[in-house]
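> Predicted model and sequence below, questions to follow.
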Amino acid sequence: GNSVTQMEGPVTLSEEAFLTINCTYTATGYPSLFWYVQYPGEGLQLLLKATKADDKGSNKGFEATYRKETTSFHLEKGSVQVSDSAVYFCALVNGGATNKLIFGTGTLLAVQP
Amino acid sequence: DTAVSQTPKYLVTQMGNDKSIKCEQNLGHDTMYWYKQDSKKFLKIMFSYNNKELIINETVPNRFSPKSPDKAHLNLHINSLELGDSAVYFCASSQDPWGGTEAFFGQGTRLTVV
């Protein structure tokens, strides 16, 4: 079946540090891949997405590249800020008549000043 | 102007009660969803409706019954609440059910069963 595995948190970084949150997936066919972010007390917001192999999604300084050969979609940011503290979810959608977003377990990022 | 709004934001109730959570979207989307987020932040889809028709019904106890009076609304009714139902419930919508389009989420309803 389809699944998403992402690194366990929490991830604690100092401001301006480099961020990587690993995400790998299992899916048949060609899924679309997403990163969602959940700030404290809020719902999820789409951060970025990629719909085919080698696509790079980017937003707010975050990037992730759809790597079919390694079935990965790792999230990166060159210099994190305190305001980036949130829970980050990797997700996939695999199309079809009963399509649904399948989420990873979420990774809590805490950025300290 | 909230895109996906759900009410109430917090709900505390006793075991055995029946409660409803309402969701409305003003984005003109055809597809709406209910997700459950447990205490470890794990998100799992419960239901999905496309144009008022149920298209996804995961393994959810039949105490949970979604109702979609029109494509802008998807309500969730829960009968005979149990302690294990305590979670945050998120409503979401997307333009279509086929994937690739962004899902917009509401702010969540934190349900606590005591």
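Thanks, I have the structure now. Numbering: from 1, shown residues only, chains lettered A, B, ... in the order given.

> from the chain's centre, how far out does the lowest-mean-pLDDT helix or strand in chain A sit?
Within chain A, no helix or strand scores below strand A:101-103, which has a mean of 87 by mean pLDDT, DSSP states H and E. On the basis of Cα atoms, centre = their mean, to the nearest Å, strand A:101-103 sits 11 Å off its chain's mean C-alpha point.

> Repeat that for stretch A:78-93.
That offset, for stretch A:78-93, works out to 7 Å (Cα atoms, centre = their mean).

> Name the residues of that stretch that are buried.
Neighbour-count burial for stretch A:78-93, counted by 16 or more other Cβ atoms under 10 Å in any protein chain shown, picks out A:80, A:84-93. In short, each C-beta sits where N, CA and C put it, glycine included.

> Just the CA atoms of stretch A:76-96, as PDB, please.
Taking C-alpha atoms only, stretch A:76-96 is exported to PDB below (Å, rounded to 0.1, in the frame of the first residue of the first chain):
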ATOM      1  CA  GLU A  76      15.500  21.600   3.400                       C
ATOM      2  CA  LYS A  77      16.000  25.200   4.500                       C
ATOM      3  CA  GLY A  78      19.300  27.000   4.500                       C
ATOM      4  CA  SER A  79      18.700  29.300   7.500                       C
ATOM      5  CA  VAL A  80      15.800  28.600   9.900                       C
ATOM      6  CA  GLN A  81      14.100  31.300  12.000                       C
ATOM      7  CA  VAL A  82      12.300  31.100  15.300                       C
ATOM      8  CA  SER A  83       9.000  31.600  13.400                       C
ATOM      9  CA  ASP A  84       9.600  28.300  11.500                       C
ATOM     10  CA  SER A  85       8.900  26.400  14.800                       C
ATOM     11  CA  ALA A  86       6.000  24.000  13.900                       C
ATOM     12  CA  VAL A  87       5.200  20.500  13.000                       C
ATOM     13  CA  TYR A  88       6.000  19.500   9.500                       C
ATOM     14  CA  PHE A  89       4.100  16.700   7.700                       C
ATOM     15  CA  CYS A  90       5.200  14.900   4.500                       C
ATOM     16  CA  ALA A  91       2.300  13.500   2.500                       C
ATOM     17  CA  LEU A  92       1.400  11.900  -0.700                       C
ATOM     18  CA  VAL A  93      -1.600  11.500  -3.000                       C
ATOM     19  CA  ASN A  94      -1.700   8.700  -5.400                       C
ATOM     20  CA  GLY A  95      -4.700   9.500  -7.500                       C
ATOM     21  CA  GLY A  96      -7.500   7.300  -8.500                       C
END
